[in-house]
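Colleague: No letters, just coordinates:
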């Protein structure tokens, strides 16, 4: 039986995650959308023991909701992103695992990784004003489930578990 | 032995800070920036009004507890062995340490982690560590229980507490606003809601009253939430409907938002109401939730059904808003720092699919990463920053005064973008402060 490493090496997994982070950090949000499968889910849970319909999530986006999120970021102006956020993702502790037995049967592999995300409200912000001067840090661990479509790896699930998911979070309207 | 002792009265002259005549209504900037006023609010507003502590469903079983705050005061809501709900200060009677460090959970007793005093689920002192020799053998433990908040009332599952032993009942306090709270609860086929999905929590660098005012503000939507309405015009409501009218194109949405009304009540409560679109009930009937609409119409009649499907935001003075399927709790931290917790509630007796649909719609607009509420809290930091120009003394809240009417229940009624609820809020604020 094939091991997941035979399908996706750690180096390839790292490249995939770095590329995703680059698209977000450099503002290529439309291209980020293309990383997901049709049925792909982007999920930031709050309660790790609950299904998405049993507890509020910070984000639980299917394809349409993701598209709306990117439309809002790229085509509309709104207070929580005026001025817009800038992010820097740092990713490490990358592992490729067949955590679910039939991963390979369904052609999926799972990547686990650790993330530190820095966020500030843009270089044009008047940082002397309340709410604009802080550099915020988000730490968390991510699970990416990937599946090949036409020979290209796509995300069927991105589940990012933030350490501060239970704390008050003022603004998560940027892509994280 | 000490008993419940209210905080000393303020010596500030707060009455001049809310100005009203026939055509003008203004609130002084210091109401949002002055620390002394904030401290006085902890006594005169949060120390005298009915404050939402939580919902019964959050402490379903004996031993369940949930911590909360009355202004800055830490409290615990617990359910004892007999099923009774208690609200007491989260403060050991010995040296003031909190006895509960978790936001919720289930315990057999509360034990202070400092010196080990033990309290029962109803707050009674059960044990003093190393009692013998250190204290008299006949120490009167009955007088050293966790101090109860003087008044607790449960209204259809909502637990409210009041620091003022002489306060009027919660129902009397709600007054003419009671039917509007009932509408939110009557939407549940079993007549009650449940808080079982946790909360979205956010915070902002601004005074707590900005969120209270904004929860019934019909004037800001077209600007602060323009992005959301554009998004709806582009994508429709397939991705979730949270309640406000969002059918049609952008012009129709904005035109519709001018319909509806605002209400201001005697004790500071307020309403912003936006009617259901003419065909929304039909659309719902054509969709997967026809059973729910049929039930609503069967139970309440066609006219009431339409009213019950309206978007309707209720602010219960001073710090609870009930809107779009959530209990929104505003927690003042300091004069320029506030936490907002949005507790989504499910309609008991409605199908899981319908509650899931409500959750999906709620999450599109509410929560730190949503497309709506983050824009509100962002604005409050704008306000707080602008307030530092203290020479511009007043904030203007006169919109719609000329078209405001008084109904026979003493409720002020005006149009959907008018500042009627905000004026009601500040009249109550003035009446409480220094009283």
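Modeller: The structure has been received and is ready for your questions. Everything numeric here is computed off the predicted structure, so don't read it as measured data. Residues are numbered from 1 along each chain as shown, chains lettered A, B, ... in the order given.

Colleague: For residue 68, give me its contacts.
Modeller: I'll assume chain A. For residue A:68, the contact set (CB atoms under 8 Å, 6 or more residues apart in numbering or on different chains) comprises B:231, B:234-235, B:239, B:364, B:371. Every C-beta, even on glycine, is put in place using the N, C-alpha and C of the backbone.

Colleague: wrong one, chain B
Modeller: For residue B:68, counting by CB under 8 Å, 6+ apart, the contacting residues are B:53-54, B:74-77, B:87.

Colleague: again, 6 Å this time
Modeller: Residue B:68 makes contact with B:53-54, B:75, according to CB atoms under 6 Å, 6 or more residues apart in numbering or on different chains.

Colleague: Name the nearest of those residues relative to residue B:328.
Modeller: residue B:54 (13.1 Å; CB to CB).

Colleague: Next SSE downstream of the helix or strand hosting the closest one?
Modeller: Following DSSP states H and E, one finds residue B:54 within strand B:51-55. Counting by DSSP H and E, the next helix or strand C-terminal to strand B:51-55 is strand B:64-70.

Colleague: Can you list the strands that that following strand pairs with?
Modeller: The pairing partners recorded for strand B:64-70 under DSSP bridges are strand B:73-79 (antiparallel), strand B:104-106 (antiparallel).

Colleague: Please work out which of those strands is packed deepest.
Modeller: strand B:73-79 (a mean of 22; mean count of other CB atoms under 10 Å in any protein chain shown).

Colleague: quick one, that strand and strand B:51-55 angle?
Modeller: 40 degrees (axes from the mean of the first three to the mean of the last three CA atoms, to 10 degrees).

Colleague: Give the next helix or strand downstream of strand B:73-79.
Modeller: Counting by DSSP H and E, what follows strand B:73-79 is strand B:85-89.

Colleague: helices or strands next to that next one in the packing?
Modeller: strand B:73-79 (3 or more CB pairs under 6 Å, 6 or more residues apart in numbering or on different chains; DSSP states H and E).

Colleague: Compute the distance from the centre of the strand it packs on to the centre of its chain.
Modeller: Distance, stretch centre to chain centre, for strand B:73-79: 17 Å (CA atoms, centre = their mean, to the nearest Å).

Colleague: Now do that strand against strand B:85-89, angle only.
Modeller: Inter-element angle recorded for strand B:73-79 and strand B:85-89: 160 degrees (by the same axes, to 10 degrees).

Colleague: Report the rounded mean pLDDT for strand B:73-79.
Modeller: What strand B:73-79 shows for mean pLDDT is 98.

Colleague: Equivalent analysis for stretch B:399-410, please.
Modeller: Mean pLDDT, stretch B:399-410: 95.

Colleague: can you list contacts of the helix or strand of chain B with the lowest mean pLDDT?
Modeller: In chain B, the helix or strand scored least confidently by mean pLDDT, DSSP states H and E is helix B:250-257, which has a mean of 72. For helix B:250-257, contacts defined as CB under 6 Å, 6+ apart pick out B:221-222, B:229, B:233, B:245.

Colleague: so how far is it from its chain's centroid?
Modeller: Per CA atoms, centre = their mean, the centroid offset for helix B:250-257 relative to its chain is 28 Å.

Colleague: list the buried ones in it?
Modeller: B:253, B:256-257 (16 or more other CB atoms under 10 Å in any protein chain shown).

Colleague: Name the next helix or strand downstream of it, please.
Modeller: strand B:261-264.

Colleague: and the angle for the following helix or strand past that following strand with helix B:250-257?
Modeller: Sequence-wise, the next helix or strand downstream of strand B:261-264 (DSSP H and E) is strand B:270-274. Counting by the same axes, to 10 degrees, strand B:270-274 lies at 140 degrees to helix B:250-257.

Colleague: Identify the residues contacting the very next helix or strand once past strand B:270-274?
Modeller: Read in the C-terminal direction, the helix or strand following strand B:270-274 is helix B:280-286, with elements assigned using DSSP H and E. When contacts are defined by CB under 6 Å, 6+ apart, helix B:280-286 is touched by residues residue B:293.

Colleague: how does it look with 8 Å?
Modeller: For helix B:280-286, the surrounding residues in contact (CB under 8 Å, 6+ apart) are B:245, B:247, B:290, B:292-294, B:297, B:305-306, B:309.

Colleague: okay, how far is it across stretch A:22-34, tip to tip?
Modeller: Terminal residues of stretch A:22-34 lie 14 Å apart, using CA to CA, to the nearest Å.

Colleague: what about that stretch, near chain B?
Modeller: No. Figure legend: stretch A:22-34 not in contact with chain B (CB under 8 Å from any CB of the partner chain); closest approach 13.6 Å.

Colleague: pLDDT value on the closest residue to residue B:317 other than its chain neighbours, please?
Modeller: Using CB to CB, 6 or more residues apart in numbering or on different chains and skipping the chain neighbours, the partner closest in space to residue B:317 is residue B:268 (3.1 Å). Residue B:268 carries a pLDDT score of 98 in this model.

Colleague: Quick check on residue B:268: phi, psi?
Modeller: When read as degrees, to the nearest 10, the backbone of residue B:268 gives phi 100, psi -10.

Colleague: My understanding was that it contacts residue B:318; is that so?
Modeller: Yes. Contact criterion CB atoms under 8 Å: residue B:268 and residue B:318 qualify, at 6.6 Å.

Colleague: between the two, what contacts are shared?
Modeller: B:49, B:425, B:428-429.

Colleague: Which ones among those residues map onto helices?
Modeller: Among these, DSSP state H puts B:425, B:428-429 in helices.

Colleague: among the residues you listed, who's most crowded?
Modeller: residue B:425 (28 neighbours; other CB atoms under 10 Å in any protein chain shown).

Colleague: Would you quantify the distance from that residue to residue B:58?
Modeller: 27 Å (CB to CB, to the nearest Å).

Colleague: Repeat that for residue B:296.
Modeller: Noted for residue B:296: a distance of 26 Å to residue B:58, by CB to CB.

Colleague: Now do the helices in chain B.
Modeller: B:30-33, B:35-44, B:170-174, B:178-186, B:208-214, B:221-224, B:226-235, B:250-257, B:280-286, B:290-300, B:302-309, B:352-365, B:373-386, B:420-432.

Colleague: Just give the number of residues close to the closest residue to chain A within the stretch 1-150 of chain B.
Modeller: At 7.8 Å from chain A, residue B:103 is the closest residue in the stretch 1-150 of chain B, using CB to the nearest CB. Per other CB under 10 Å, the neighbour tally for residue B:103 reads 12.

Colleague: In terms of pLDDT, where does it sit?
Modeller: 95.

Colleague: Contact partners for it?
Modeller: A:166, B:66-67.

Colleague: What's opposite residue B:394 in the beta bridge?
Modeller: According to DSSP bridges, beta-bridge pairing links residue B:394 with residue B:28.
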